[in-house]
Structures are given as C-alpha cells and as structure tokens.
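**Student:** Return atomic coordinates for the entry below.
(chains A and B)
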Number of protein chains: 2
Amino acid sequence: MQCVSRLLRATPLSSTRSFFSTPPCSVYPTKPAVRSFSVTSPHYKFVVPKRKQQVNMPSGDMTTFKGKPFDRASLESVMKRRLFYTPAFDIYGGVSGLYDYGPPGTALTNNIVDIWRKHFVLRENMLEVDTTMLTPHEVLKTSGHVDKFADWMCKDPKTGEIFRADHLVEEVLEARLKGNKEARGEKVEAEEEDPKKKKKKVKNIAAVKLDDALVTEIEEVLAKIDNYNGEELGQLMKKYDIKNPATNGELLPPVAFNLMFQTSIGPSSNMPGYLRPETAQGQFLNFAKLLDFNQQQMPFASASIGKSFRNEISPRAGLLRVREFLMAEIEHYVDPEGGKKHSRFEEVADIELELLDRNVQLSGKTTVKTTKIGEAVKTGLVDNETLGYFLARIQQFLLKIGADPKKIRFRQHMANEMAHYAADCWDAELLTSYGWIECVGCADRSAYDLTVHMKKTGAPLVVREPRKEPLKVEEWVCDIEKKKFGPKFKKDGKTVENAIEALTQDLREKLSLDLEKEGKIVIDVPGVGDGKVEVPKELITIEKRTRVENVREYTPNVIEPSFGIGRIVYALCEHTYWTREQDEARGVLSFPPTVAPTKALIVPLSSHSDFKPFVRTLSDKLQEAGVSTRVDDSGASIGKRYSRNDELGTPLGITIDFQSVKDNTFTLRDRDSTEQVRASLDDIVSAITSLVHGKEQWADVAARLPKFEGQEVDE
Amino acid sequence: MQCVSRLLRATPLSSTRSFFSTPPCSVYPTKPAVRSFSVTSPHYKFVVPKRKQQVNMPSGDMTTFKGKPFDRASLESVMKRRLFYTPAFDIYGGVSGLYDYGPPGTALTNNIVDIWRKHFVLRENMLEVDTTMLTPHEVLKTSGHVDKFADWMCKDPKTGEIFRADHLVEEVLEARLKGNKEARGEKVEAEEEDPKKKKKKVKNIAAVKLDDALVTEIEEVLAKIDNYNGEELGQLMKKYDIKNPATNGELLPPVAFNLMFQTSIGPSSNMPGYLRPETAQGQFLNFAKLLDFNQQQMPFASASIGKSFRNEISPRAGLLRVREFLMAEIEHYVDPEGGKKHSRFEEVADIELELLDRNVQLSGKTTVKTTKIGEAVKTGLVDNETLGYFLARIQQFLLKIGADPKKIRFRQHMANEMAHYAADCWDAELLTSYGWIECVGCADRSAYDLTVHMKKTGAPLVVREPRKEPLKVEEWVCDIEKKKFGPKFKKDGKTVENAIEALTQDLREKLSLDLEKEGKIVIDVPGVGDGKVEVPKELITIEKRTRVENVREYTPNVIEPSFGIGRIVYALCEHTYWTREQDEARGVLSFPPTVAPTKALIVPLSSHSDFKPFVRTLSDKLQEAGVSTRVDDSGASIGKRYSRNDELGTPLGITIDFQSVKDNTFTLRDRDSTEQVRASLDDIVSAITSLVHGKEQWADVAARLPKFEGQEVDE
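**Tutor:** Predicted coordinates for the structure are as follows:
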C-alpha cells in the first residue's frame, strides 16, 4: 500500500509517501511509474502549495503535554538507555533500518496490540487470521507489487555507492538554495546537529549566488519532488548537473528498485517468493473461506497483526521508517450498493474529529476543522458511514492508549494521492518532532484486490445472496438447433456456436430483425471460411425473454484501516514524554497504566532482610492479578529509584518501610503527581488492579485511601 | 537449534530431529557434517535400539481422553472445515509447508501465547524482547548456521526433481522389505490411505523375496537412517541401487542444502542475509544490554515470541513440520559455578514427571519412570536445579492449557544427540497420532553461543561481579625498563615486548632462574634477527607477586526452554478432541475455557425481533468483560447450532428464549457435559467471566446456580 507520494514535502521524513493507506501503483495504468512517483496523473491540475512544511510541520515549537518545549534528544537518550529499542546487531556494527525492541518497548507494544485487539477485533467480532509472511511471486505479481512497488535509485559506477534519486536531488538543491542565501548575506537557519541522526550525504555547499529566476525554479522543483518519475529525475539530474556529492563522479540514470525482500521457497530455485510488504494480501486470498466461516453474512471484517517488510534504499528517521515493522490491518468487506452504511454509526456520530480536507490543502493551507463525524458524512466530506465509523473508532483507540488529543488529526488524501478506484482515503496523523506522521491509513480500496485475484485464479471471491425481490431481467436469447448445427458446420460447429454466444445484446436485437426480414443472419467468426458465417433461420431463433434472478452476486468493497504499530509506539512516547524539574531535570513517560510496560515498582527501603517476605508477597499477589511488577532493592535512594522508573513509564510505586513490617501497610505512589497514599496490602493490590484495568483513575484512589505525607522520600 | 537427529526412527515424522533443543552442528568439530547427521560422533558407542517405533510410537491404539479410538481424519476434517488452519495461497494452488491460521486457530494460538507469557515472562520477571527476523550473514556464520544448518538432497539431472536423500533411501528400502514380506506370504499391514496426506514418492514395489541376510542388513540401515552423512547416504544409494522411483533415472550424489531462506538487505547486493531459523541469536546478541537493564543482577532470563523460518526440502506431517512457524524461546542465564541452583526450585520439587532417561533408551526400551523432579535432580538424572525447575514449569504450562496428562513425557537426549558442550537436554514430548512429538526442547547450551559471538565481535558478553572475598592470585610478572628498551631494540622493540608479554607462567618461572644465574634471558621472537633474542637483566625483572582480584568475570551458561507453539496447538487439538455419539457422531474440542478461541455462543431461539435487544445486551456485557462471543441466530435448530460450536471448542452457550423476554433469565450450557443452568443476566455474565479466567470450574457453577431441565434442546 505504499506507493503514493505526498504532494507536499518537507522535514527529514518528507518522503512520507502514504505508508499504510494505498495499494501499489499497478493501479495507475497510464504510467509505468514506480511507487512514489506514480500519482501525478495528467488528469489532475491544481495549485501546488509552496512548500510541504506548511502541511507537514507543527506550527510553532513542539511542546510536551505539560506545555514545555519538547526535547527529542533527551527522549531518544532515555529510550536507548532504558532499552525501549536498540539498533539490531549492534555488536556486529548494526544494519540500518533494523531495530530490536528491548523489554519496555516489547511490553509497550504488546499492551498496545492487546488494547487494539479488544477495541477492534473483540468489539466488532472481526475474524482475525494469521497468514504467512513468505509469499510466492505470482500473488504479488497479481496484486501489482512486483511491477510497481519500487523506488528510484542511481548508482555511482566507480564507487558502487547507491543513492535514492529523489533524496539526492532534494538534498543537493536544498544545499544550493542555502548557499545562495549565504552569498546574499541572508540569515540561514542553523542546521540541527544531532550526532545520532544519520548524516546527510550532502555537506554544505560553498556560498554561491543564484539568479532569482533559478531560485524560483528550484523551489518549484522541490515542491514537487515526490511527484517525479525516474526519467524525470534523470532529466533533473542532467539539467542541474547533480553528481555524487562526495566524489563529483557521474551517476548512472535512475532505475527502479523493488522494495520487497526476495527469496526462494523450497530446494529448487523455481519458486521465487517475497516477504510480504503488507498483511492485506493474505487476508484477501482467504476471503471466500472467511465469508463461509461467517455463515455467508455481510458485512464482516477480517483482521491481522504481524510483521511486514520493506527493503528501503536508505532508511532514516529512526523508528519511523524501518525495514521490518509490525502492522495491524483490518479489511472490512461491505456491499458497494446501499451507500456503505454501518449499523453502529449512530454510536459514534457525535464524536468530533480534527479534519484537514483536500480542498483546504489545495488552497495551500493546513487549517483543520473540528467536525462531528456524523456531520462530515452527511455533507459528503467523508465518503460514507463505514469509512466515517472507522475514523471515529481510530481516534477512540489513539486516545485510549494515551495519545495527546491536541496532536491528532485526520488528513484527507489529495485526489492525485489516491488510487483511481478509491472512493476516499484519510490518514490519522500524529504530531511529532518530525512533523505530522501518518500512523494509520484508512482507505476505501473498492473491489480492486478481490477482483484482480479472482480474475487471475478463477476463485469466486464474491458474495452470493438471495434477493428479497427476485430481479427480472429482459434479454435477447439466441437458441440454436443443435441437431442441425453439427451437420452443417462440421468441425467449425463449436466455433460458430461460441461466436453466437458472445454476441452483445445490441447486436442480438439488430440480428433478430435481420432474421425476420432475410431469414438468415451473417456474423463474424474469425478463422472460419472468410471470417463471415451465414446462419439460416432453421438453425437459430432470437427472442426477447424475461429471466428471473433470485440470487445477487457481487464483489464486496473493502474499507481498510491499516495501523503502523511501530510508528504509533514512537509517537506515543513523544506525546507522553516530559521532564520533571528538580535538582536536575528528569524524564518521565506518562503512559496510561493500561499501556505502561511495567505497572508497579516495588521498593523496599533498604535491602534489609525484614523486607524480603513483603517484597515476595506483593510480587506474588500482583502477579496473580496479572499485573507486571519490577523490584528495585538496589542501594540507591528511594527518590532515585522512582526516577529511574519514571523514565520507564511505570505508573505506580509501592514503598516497603519499617512501618510496613509492623502493621502490613504500604505507601502507593502515583508517577505523574508523586502523590502518595497509605493502605493495607489488600487495599493496595486492589487499587493497583483497578487502575491497571482502567476502572479507576488516580484521583479516585487518592480520594478513597488515606493520604501519606510523613516520611517524604527524597525526590 | 535444529541439527541433531534422533538416533531412533519411525513414523511419518521419523525425521523429527530435535527441532527445538539444540544448536547448529557447527559445534561438532570432528565432522564436516550437516544438520541431521552430524551427531554420530565416533566417540560414542552404544546399542542401537532395533527400530525407532519403540521409542516414538504409542503403545497400542491412540485413544481420546474419553477412552474411545482417536480418528485423525475426523479431527483434520473438522479443523479444515472450521478454518482452524488452511493451506496458504490455496486459490493459487498452495505452497507446501505454508499454512494460514483462520479465526479459531489464530485465537487459540493467541490465548496459548497469552498464558505462556503470564506463566513464564510475568511470573519470573523475564526480559521479553522482540528482535528482527532479517539477520545478516555474519551473525549466522558465527553461530554456525551458515555452514551446518542443512539437509542432504539429491537431484535427478534429467527431470529436475529433488529428493531429500535420507527420506528417499528410507522409503525405497521400506518398500523392498514390504515386497519381501509379500513374496514370502507374510501378513503385510495395510498402508493407511489418507487422501489428504502427501503421497509417498515410492509406490509399492513388486513382491520380491530377499535373502535373510539382506533383510537384516536393511533393517540395520533403517535403524540408523538419521545418522548417515551425505557421503554415506550416497554410498547406500549406490550399494542398494536407489534411483528416482518414478523414472528409474540415475540421481546425482547428495549435496548439502542449507535450510535458511536467503535474501539481500539494502539496495546493493553486498549484504546477504537470512530469515532467522530461531529467535535465540537475537537474544544472545543483546546479552550485555539486557544484563545492564537488569542492573547487573544474575541470574535472569530473556524471552522472545516470534516467527522463525526453515526451508524444508519436502515438508510433511501437516502442521508439525512447516516452513514458517511460531516459537517462544527463553534464554535463562546462569552462573556456571555453584551447581546452577534455582531460588524457586523448592516450589516445584514435589512435582512428578514422566521421565524417559537415556539409559532406558540405550537398552532399547521406552519405559517411563514417574519421578519427582526434586528426586531426579538429587540423583543426578536431571543435571541441575535450573534445568529441573524449567522441566516442571513446562509440564505445569502444558497441563494449564489442557494437554492430556497421560500424553506428556520428558525424553532425555542420548549422549550423541546433544552438542558436545551440553550438560543435559530433555524434550517435552506430546503423544499424537503421529507418535511422540517433540514440542518443547529444554537444553543446557552452556556458554557456547555467548562465547562465539564474543570472540567474533570483541563485545564483552560476560558478567562482572564483585567478589565477596577478594581473590589472591600468585603470578610471575615481567617488568620492562622501557627507557632502555627502545634504544636497544629500535624498531623491533614492540615485537620483543609482545613476545615477553605472551610468555607462560611456567616459562617465566624458568626464565627468572636464568636471569638470576646468567644475568640475561634468551627468548623466541620470530621475525626478529635469527628468531632468538637476548634480553639482559638491565632491561627486565621477573618476580613472583600476589595480585588481588576484586572482580570476577565469567561467561554465563544458558538454559534454554524452546517452545514450538504450532506443534503444541496441533497436539492440543488431538488431546482435546472426541466425538459425541448421538444420531450421528459429532466432534467436540474440549479446550479449557481459558484457551478456547471463542468463550460463549449466544443463541436466540429464533430470529424473532424480541430477542435482538437481549443478544445485544449479552454481547456488550461480555465484551466489556473481555469475553469473546459469537452469535448464531441462523435458522438451524438450537442443538445443531450448539454442535457447530462444539467443533469450535466453544465451552459455553447461552440460550435466549421466550422466558428470557419475560423475566430476563437465560440458560447457560456447558459444552462437555451438556448440563444447563438458568439464572439472571448478571449471574450468567459473572459465571462466564469466572469460568473464562479459570477461577471456577463448571462443577462450581452448576452447584450454585439452579439446574435447567425444562425445554431440553434437541441434541
């Protein structure tokens, strides 16, 4: 689904082509284009906004939900230090675009997946499937991925270096614009210097003044950079004399590089295969069986959670563009007739979303409009109820896991971003320090996928349902006198018969008149005689008859909400991160208790042996309740130990002190407010369980349990 | 870890080399052997049991847990019909060894994984990680997989057909033995004719009588079939004139076929990679970071749940040997000193396991011995507490998910099945109609993996811990007069210095005497002068000194419980399947409620609109409680609807009838006993929740809620 480029551009993640919401570009018959560049259909004319930043970048500085400036370097340092994630194969030097998740990252992801499953699969009785990642060539040939799921790359024949063509053109031209500014003595914004960030291939270029006309031209090229195909990129490289920035060596013209990892299945090499680039195809192929499992009832949805793979030419932006990633995809099958209603739409109709519609984008603006989804569907802004229902449900999900409501918006695809068959498509975007990032795509894929697989395999990927009212179809029918047909046409009999069967309704009507008038018809039968065959009326009758159809057969349309779980996990970390100002600023990840990797930290005052049985009892009781805990009985101060776990996002802390040994009471501390209450073991365990399952908030607990203020710990 | 062949053989799954419990064969330095065949170390001599059946096959017929004969065809028909699984890419003709899981199979797997995570990860505070499947060449070269993770295959140069060499030899020789029996008029057991089973390549061979001596010889070859290497298999093929059974064409000699799927990472082809064959390597590479995350505390465990891949030459036995499969692996890191104790061993010491030890197997028998794990560790049968602890925990897990206690055993690896460094290794085997199947391997991998990766990369994959008592080390130390050293040796200074540093303790002691006696020493320094260098006493002193070591450094050993989730899922289906004798036999899958794919079926008496609000309320209430439900409001009889869901293993059914409309009470039906109770909505919902979370059994519910016997449904 990754084939459509954003029209607009900017930021390191500028090449955020729509990642989750559109099919491979095979669907654009007009151009032999590849992924990012296939969408600039000549049919679309519209104003190009000046620069993508306008759409992609936050207005003003990024702030945390506490309203303070957000510091990405600080968050990334916490995430790496506390092993949320780490470059894969680090001790072997690493492989770009591959990351391992450590314990907190894995637990966070698992918890989000768990909530996703309850929110979508359980709630809607979706049919969750688990299909293989290994996929034979033929399937992805049919879906269009083999031919079109590609980026443009160009190679330096001398050094062997490979560049992603659009990135290279972009970086070189941007550097020249900067050089021009310097030469003119204009203020140049300081380049962000992040040592962990991948170094740009293009160093700053000497200050060279450019003509005003050239500056304008280059700005226009940059604005459209995602829309060029390989040939066009090659022309730009010639025109602007773009070479290997390191060596100034000539580069070969851009060629398409397919983004799927290829392999071979079985011992002989005659079954090429790929690692799936999305989970969707595995779901489509099982459509008929799933419909059967669902007792032929429509509408219904399948869902799948699993890894997908894309062999990026040059991965960048950390966890946001990687080569192996977790997706959660829903394929909701719906009758294309009847307006794609949804039976539960009323439940969400009043939910307000921040919508950035395509007309606003066309005008070069990024004003979002707070709109009730019921209203948006009614006015036609969102194409149909089912699509609207999922947009609202997506927002509910993002809020449930703790995304910042001020940093969620839904951006409608521009007409030229969508596949030609698509009715409508919206991305749920989360605001991060990299700009607005597409985290969920929600597209109406129409009947495209089921149709191509059905055509290729002959499998009936259709719904057959009894008509409430039988349908009467009037049609012209040709009846043949089979007995006489053989003797007359001999070996050509079957060919002539097929030619008659293939006659269109219009032609049949016309021929019925010929038959009546002339007592014969003449039809084209290529390969028989001179290609014209005469059939006398003794051999054929043509009549208008009424046929009654009791069964309706149709290919369902697919509404596809597609979630990039890794991106959501990263964005969520940005949304919940802040620093507590104390002696030194300390990072806190304010995950909701339902989502937090570890739920409770158990902190004995010291490693005194009196405390050990209490540690054991608390751990055991909480584990029985399914609550994950961590014990820190190190020598560090209690405050320090809490701080370490604030960085892990642990929402609750239990202190065991000498009072505990006397009366079996403990203090319970809330991460965000650092408030503490004191209660008995059973009360503490039940409060934690209730918080972790989302049944109570801290305020509820603080209201009903005695506040603890004595023995304040050294934070 | 799939490299060691079972010594013993039989059944379609004969080539059940140990799948989960051993490392690639790189660890056998004596032979350039490949996976299955590397273990017949010349150092081991022992009696070969006559045929593997003795160890592998159930004694007598398989029966269900109800004591009736088990019918595999009937179960498989249910599983495919109800979409537990289905061949992947079926509409494209399928790809052998690849299966998709449909909704009940996916839910069953998810529930088992969830229980696994609670039972192991949560309970033991294991550090769960999620590492990438794509793995660069160098990592798997170091681990030994690139060189040794292979099977032998031979090709027919004319037809291009490929055979797995050991399978071919086995099938041809077995067919000849059968032909011989027929020729002698002996009774031949009828071949099982399962149309869904993959056809054997070898058709029955004409009845030809063989010499008695030849029969004995062939039987011996078959008994050792898993132990031959490629050359030996080639010799057997020559000796017994084994050709392509279909065409009688000559075959090429066996060559090694690596079982990893290969691909290329990034746009240039200079980074070859593979899909991981196990999750273990990703865990080992992160060892140092995980130890750090665990605040340097030992012992600890990492864990990982994810897909692994093996490009089988000819997959067979359905879900038991596939090319893409789900594993759950634990790597428990333990200090090799101090007997590998486990702090929680006492909790499991009294648990009884069915142990099949290696000495019993050596004697050709399969007698299991019921033994308390505490006893087994005490007598040394199980090597250490940590290994013993995990064996007991594995059994607890298998029982928790519903495995039949009579069909679980633990088989110890034969000495020649294990890697040379391994201390001990046991497989948890589940009895199925395919024989005893290895579902969990539990091996002590010693320090092997961490050591090879450390050697290759230089990364310190070690534990450093302060010694309680400082260690005093007496040693001979050489001190060099650096100032005089340079002027004397000039450019060779560093070389001579290195040579001195490399001197062994013994040599230093001897040289100290020389220095004292002769005022100089003479040492070998290849490449300097004539290779002998004289160092006068002005330049060096050699003294015995005592060094105090406060830190101990060691490479931990790894105990690795490794679970094949797909195999467990399949075996569990066999263990819980039975047929209810009614008008017609109807299949039932008696999964425990905690594991069942769907927990409750909601059945309105008819599609009458009065029932609809009750259906909705029940669904919503149960969904809120996290209970997955399915509604069946089809026109089928209630009995029929329940039957359909017995096949899905749905443990509970709720009927909505006219009485419900009057008084808001419902009947709740137990799948296994078909008993029913009747109660209010709240009571029904709370009973279900309690059953699903394993807090009550049906007997408890039946005892406290009123029995329902009126309106008996038509089962």
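**Student:** Now do the contacts for the residue lying closest to A:Asp670 once chain neighbours are set aside.
**Tutor:** Using CB to CB, 6 or more residues apart in numbering or on different chains and skipping residues adjacent in sequence, the residue nearest A:Asp670 is A:Trp698, 4.6 Å away. In this view, the C-beta of every residue, glycine as well, is placed from N, C-alpha and C. Residues in contact with A:Trp698 (CB atoms under 8 Å, 6 or more residues apart in numbering or on different chains) are A:Asp670, A:Asp672, A:Ser673, A:Glu675, A:Leu691.
**Student:** Look up how far A:Pro593 lies from the fourth one.
**Tutor:** Going back to what we said before, that points to A:Glu675. Distance, A:Glu675 to A:Pro593, by CB to CB, to the nearest Å: 15 Å.
**Student:** Between these two, which has more neighbouring residues?
**Tutor:** A:Pro593 (25 against 16; other CB atoms under 10 Å in any protein chain shown).
**Student:** On the three-state scheme, that one is what?
**Tutor:** coil (DSSP: H, G, I helix; E, B strand; the rest coil).
**Student:** Show me which residues of stretch A:134-149 are buried.
**Tutor:** A:134-140, A:142-149 (16 or more other CB atoms under 10 Å in any protein chain shown).
**Student:** of all those, which comes closest to A:Lys456?
**Tutor:** A:Thr142 (4.5 Å; CB to CB).
**Student:** Which other helices and strands does the helix or strand harbouring the closest one contact?
**Tutor:** Assigned by DSSP states H and E, A:Thr142 belongs to helix A:137-143. Other elements packing on helix A:137-143 under the criterion 3 or more CB pairs under 8 Å, 6 or more residues apart in numbering or on different chains; DSSP states H and E are helix A:145-148, strand A:272-275, helix A:280-285, helix A:448-457.
**Student:** Any chance you could list what contacts the second one?
**Tutor:** The contact list for strand A:272-275, computed with CB under 8 Å, 6+ apart, reads A:133-137, A:140, A:145-146, A:260-265, A:308-309, B:95, B:263, B:275.
**Student:** what pLDDT, on average, does that strand get?
**Tutor:** Averaged over strand A:272-275, pLDDT sits at 96.
**Student:** which neighbours does that strand have in its sheet, and in what orientation?
**Tutor:** strand A:134-136 (antiparallel), strand A:262-264 (antiparallel) (DSSP bridges).
**Student:** how much distance is there from the strand ranked longest in chain A to the middle of the chain?
**Tutor:** Counting by DSSP state E, the longest strand found in chain A is strand A:463-480. Relative to its parent chain, strand A:463-480 has a centroid offset of 41 Å by CA atoms, centre = their mean, to the nearest Å.
**Student:** what angle sits between it and helix A:448-457?
**Tutor:** Angle, strand A:463-480 to helix A:448-457, by axes from the mean of the first three to the mean of the last three CA atoms, to 10 degrees: 50 degrees.
**Student:** Which elements pack onto strand A:463-480?
**Tutor:** helix A:493-501, helix A:505-518, strand A:540-554.
**Student:** Packing partners of the first one?
**Tutor:** Contacts defined by 3+ CB pairs under 8 Å, 6+ apart place helix A:493-501 against strand A:463-480, helix A:482-489, strand A:520-524, strand A:532-536.
**Student:** Dump these into JSON lines; add mean pLDDT and distance to A:Gly639 as well.
**Tutor:** As requested, those are exported to JSON lines (pLDDT from 0 to 100; distance: least, CB to CB, whole Å):
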{"stretch": "strand A:463-480", "mean pLDDT": "91", "distance to A:Gly639": "63"}
{"stretch": "helix A:482-489", "mean pLDDT": "84", "distance to A:Gly639": "95"}
{"stretch": "strand A:520-524", "mean pLDDT": "92", "distance to A:Gly639": "91"}
{"stretch": "strand A:532-536", "mean pLDDT": "91", "distance to A:Gly639": "97"}
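**Student:** Three-state assignment for the nearest residue to A:Ala636 once chain neighbours are set aside, please.
**Tutor:** Counting by CB to CB, 6+ apart, A:Ala636 lies nearest to A:Arg644, which is 7.6 Å off, once chain neighbours are set aside. Following three-state DSSP, A:Arg644 is assigned to helix.
**Student:** what about the helix or strand encompassing A:His332 and chain B, touching?
**Tutor:** Per DSSP H and E: A:His332 is located in strand A:324-334. Yes: interface with chain B: strand A:324-334 contributes A:Glu324 (CB under 8 Å from any CB of the partner chain).
**Student:** Which SSE is immediately downstream of that strand?
**Tutor:** helix A:345-348.
**Student:** now the following helix or strand past that following helix, how far from the chain's geometric center?
**Tutor:** Counting by DSSP H and E, the next helix or strand C-terminal to helix A:345-348 is strand A:352-356. Here the centre of strand A:352-356 is set off from its chain's centre by 18 Å, with CA atoms, centre = their mean.
**Student:** contacting residues around strand A:352-356?
**Tutor:** A:55, A:366-373, A:376, A:381-382, A:391-392, A:395, A:408-412, A:426.
**Student:** can you pull the buried residues of the next helix or strand after that strand?
**Tutor:** As assigned by DSSP H and E, the chain's next helix or strand after strand A:352-356 is helix A:358-362. By 16+ other CB under 10 Å, the buried positions in helix A:358-362 come out as A:Arg358, A:Val360, A:Gln361.
**Student:** Tell me the helices and strands packed up against helix A:358-362.
**Tutor:** If you count contacts as 3+ CB pairs under 8 Å, 6+ apart, helix A:358-362 packs onto strand A:408-412.
**Student:** what's the helix or strand harbouring A:Asp100 packed up against?
**Tutor:** Applying DSSP H and E as the criterion places A:Asp100 in strand A:99-101. If you count contacts as 3+ CB pairs under 8 Å, 6+ apart, strand A:99-101 packs onto strand A:85-87.
**Student:** ok, the strand it packs on: who's next to it in the sheet?
**Tutor:** Strand pairing for strand A:85-87, determined by DSSP bridges: strand A:99-101 (antiparallel).
**Student:** Can you list the neighbours in contact with the partner strand?
**Tutor:** Here strand A:99-101 makes contact (CB under 8 Å, 6+ apart) with A:84-88, A:109, A:319, A:322, B:129-132, B:282, B:286.
**Student:** mind checking how far it is from the chain centre?
**Tutor:** In terms of CA atoms, centre = their mean, the centre of strand A:99-101 is set 19 Å apart from its chain centre.
**Student:** Could you identify the helix or strand that succeeds that strand?
**Tutor:** Next along from strand A:99-101, by DSSP H and E: helix A:103-116.
**Student:** thought A:Ala443 was touching A:Asp449?
**Tutor:** No: A:Ala443 is beyond contact range of A:Asp449, at 11.3 Å (criterion: CB atoms under 8 Å).
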